[in-house]
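Engineer: the following block contains a protein sequence and its predicted model.
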Amino acid sequence: MSIDLLLAIESSCDETAAAVVESRRLRVLSNVIATQIPIHARFGGVVPEIASRNHLTAISEVVDKALRDARCGLDDVDAVAVTQGPGLAGCLLVGVQFAKALAWGRGLPLIPVDHIEAHCFAVRLTDAEGAGSEQPDMPFVALAVSGGHTSLYRVEGPGQMRRLGQTLDDAAGEAFDKIAKMMGLPYPGGVEIDRLSRSGDPAAASLPRPMLHKGLDFSFSGLKTAVRYALTDGTAPAPADLAASAQEAIVECLVVKALRACKAEGLTDLVVAGGVACNARLREVLSQRASALGVKAWLTPPRYCTDNAAMIGGLAAATRDTALRGAQLLAADIYTTRRPRRS
Ligand code: KG4
Ligand code: ZN
């Protein structure tokens with residue numbers, strides 16, 4: 001079966017997103033994101049039940065807009081792709097059921113997609129603004145760094161990823177968000193710390209870099225605790241300096257481990273993906289240190305770093321042949337959604 005236009009849906013956390021992707025060129029024709037950040041900001045983090053209810057009210061309009069922006073209709077779509085996990089159960093359920101109903105109603109194949117794997121391949125998306133004009137060679141090392149995950153993978157191709165390391169406690173994004181919350185900064189904290197750090201001194205506070213010298217796993221909970229102590233015992237520097245120091249510690253851990261993974265695997269392409277990959281200091285330090293070691297850092301364009309449906313469509317397009325054979329599906333039941341034949 002040939003699929004040319006894919007409609008993709010993402011609802012794993014607090015963004016309701018839909019996109020239309022042309023599968024042959026992994027070309028993003030539309031990418032619509034309805035963010036719930038203002039709704040959750042007053043709670044200082046995502047409230048899962050509120051998030052799922054808001055997905056429910058937003059999803060129809062978001063999908064309509066994705067089709068309108070791509071100047072196409074449901075009749076032009078050949079398959080539906082949806083995030084099947086990982087994510088918040090109630091939130092995923094909304095996207096999966098919506099996609100399932102749409103696919104069933106239209107007699108279209110439904111392709112379930114792994115959210116983290118989709119982050120790792122988002123760098124391959126192409127668009128009118130020039131994304132994806134160059135592509136990393138496979139295999140590559142991927143650093144997936146988001147609010148829920150911090151992992152390193154050896155990526156041979158779509159559906160072929162081997163995890164090399166992961167966080168043993170908090171994800172890097174969670175560390176950014178929790179440190180920001182302790183400092184009284186608004187949610188989501190990663191963006192605020194990034195902004196505030198620009199006027200701060202990264203050497204102002206001496207903060208730990210847990211597990212820096214060994215292995216490919218990460219740990220950020222000790223850093224979080226160190227910031228808490230500094231704030232409660234009055235030794236913390238000015239907010240911009242504390243933000244810059246905490247950011248530097250997180251960035252240092254991410255960069256050192258990612259480059260260590262490249263060396264251990266003998267690979268010279270390093271893809272950085274996920275919401276934290278928007279961080280300006282991470283992008284700067286990683287590019288500099290990678291090039292000094294002969295490694296090419298592939299920084300996912302920020303518009304495809306934070307949660308979006310284009311990356312879901314992109315991976316579904318890249319894996320469609322295998323996916324349509326049903327070989328690697330974890331949720332075979334949602335895949336086999338075909339309209340029953342009328343006799
Ligand atoms: O990938 P993502 O949108 O959602 C998950 O799959 O988790 O990542 C969200 C995370 C949040 O923790 C947010 O604070 C962080 O990405 N983030 C940043 C920046 N932009 C988003 N962290 C540091 N610097 C940024 N500029
Ligand atoms: Zn994500």
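Structural biologist: Everything's here; your move. Given the structure is predicted, the values throughout are model-derived calculations rather than measurements. Numbering: from 1, shown residues only. Ligands and ions are numbered 1, 2, ... in the order given.
Engineer: residues of the chain that sit close to ligand 2?
Structural biologist: Ser146, Asp307 (C-beta under 5 Å from the ion). Heads up, the C-betas are built off the backbone N, CA and C, glycines and all.
Engineer: can you name the residues of the chain that neighbour ligand 1?
Structural biologist: 13, 146-148, 173, 176-177, 188-191, 194, 274-276, 278-279, 306-307 (C-beta under 6 Å from any ligand atom).
Engineer: filter those down to the ones in helices?
Structural biologist: Mapping those onto helices (DSSP state H) picks out Gly173, Phe176, Asp177, Gly189, Gly190, Val191, Asp194.
Engineer: buried ones among those?
Structural biologist: With burial judged by 16 or more other C-beta atoms under 10 Å, the buried subset of these is Gly173, Phe176, Asp177, Gly189, Gly190, Val191, Asp194.
Engineer: now the ones in helices among the residues of the chain next to ligand 1 in CSV, with pLDDT?
Structural biologist: Formatted as CSV, those follow (pLDDT from 0 to 100):
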residue, pLDDT
Gly173, 96
Phe176, 97
Asp177, 95
Gly189, 94
Gly190, 96
Val191, 96
Asp194, 98
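Engineer: got phi/psi on the closest residue to ligand 1 within the stretch 1-150 of the chain?
Structural biologist: In the stretch 1-150 of the chain, no residue comes nearer to ligand 1 than Gly147, which is 2.9 Å away by C-beta to the nearest ligand atom. Dihedral angles of Gly147 (phi, psi; degrees, to the nearest 10) stand at phi -70, psi -30.
Engineer: you'd agree it is up against Glu174?
Structural biologist: Yes. Applying C-beta atoms under 8 Å as the test, Gly147 and Glu174 come out as touching, 6.0 Å apart.
Engineer: domain boundaries for the protein, per the record?
Structural biologist: In the domain annotation for the chain, the residue ranges read 5-130+306-332, 140-300 (automatic domain parsing).
Engineer: please verify my assumption that Ser219 contacts Leu168.
Structural biologist: Yes. At 5.0 Å, Ser219 counts as touching Leu168 under the criterion of C-beta under 8 Å.
Engineer: more neighbours: which of those two?
Structural biologist: Each of Ser219 and Leu168 has its neighbours counted (other C-beta atoms under 10 Å); Ser219 has more, 18 against 14.
Engineer: tell me the pLDDT at that one?
Structural biologist: Here the pLDDT value assigned to Ser219 is 97.
Engineer: send the alpha carbons of stretch 299-319 over as PDB?
Structural biologist: Coordinates of the C-alpha atoms in stretch 299-319 are reproduced here as PDB (Å, rounded to 0.1, in the frame of the first residue of the first chain):
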ATOM      1  CA  LEU A 299      20.300  19.800  16.700                       C
ATOM      2  CA  THR A 300      16.600  19.200  16.100                       C
ATOM      3  CA  PRO A 301      15.000  22.500  15.000                       C
ATOM      4  CA  PRO A 302      13.300  24.000  18.200                       C
ATOM      5  CA  ARG A 303       9.800  23.800  16.500                       C
ATOM      6  CA  TYR A 304      10.200  20.000  16.400                       C
ATOM      7  CA  CYS A 305      11.900  19.600  19.800                       C
ATOM      8  CA  THR A 306       8.900  20.200  22.100                       C
ATOM      9  CA  ASP A 307       5.900  18.000  21.700                       C
ATOM     10  CA  ASN A 308       4.300  18.100  18.200                       C
ATOM     11  CA  ALA A 309       2.400  15.800  15.900                       C
ATOM     12  CA  ALA A 310       4.700  16.300  12.800                       C
ATOM     13  CA  MET A 311       7.300  14.100  14.500                       C
ATOM     14  CA  ILE A 312       4.600  11.400  15.000                       C
ATOM     15  CA  GLY A 313       3.700  11.600  11.300                       C
ATOM     16  CA  GLY A 314       7.400  11.600  10.300                       C
ATOM     17  CA  LEU A 315       8.200   8.400  12.100                       C
ATOM     18  CA  ALA A 316       4.900   6.800  11.000                       C
ATOM     19  CA  ALA A 317       5.900   7.600   7.400                       C
ATOM     20  CA  ALA A 318       9.400   6.100   7.900                       C
ATOM     21  CA  THR A 319       8.100   2.900   9.500                       C
END
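Engineer: rewinding a little: what's the burial count for the residue of the stretch 1-150 of the chain closest to ligand 1?
Structural biologist: Using other C-beta under 10 Å, the number of residues around Gly147 comes to 25.
Engineer: ignoring the adjacent residues along the chain, who's closest to it?
Structural biologist: Take Gly147 and drop its neighbours on the chain: the residue closest to it by C-beta to C-beta, 6 or more residues apart in numbering is Gly173, 3.7 Å away.
Engineer: give the contact list for that neighbour.
Structural biologist: Applying C-beta atoms under 8 Å, 6 or more residues apart in numbering, one finds that Gly173 lies in contact with Val145, Ser146, Gly147, Gly148, Thr150, Gly190, Gly274, Gly275, Val276.
Engineer: closest residue of the stretch 201-343 of the chain to ligand 2?
Structural biologist: Distance from ligand 2 to each residue of the stretch 201-343 of the chain (C-beta to the ion) is smallest for Asp307, at 4.4 Å.
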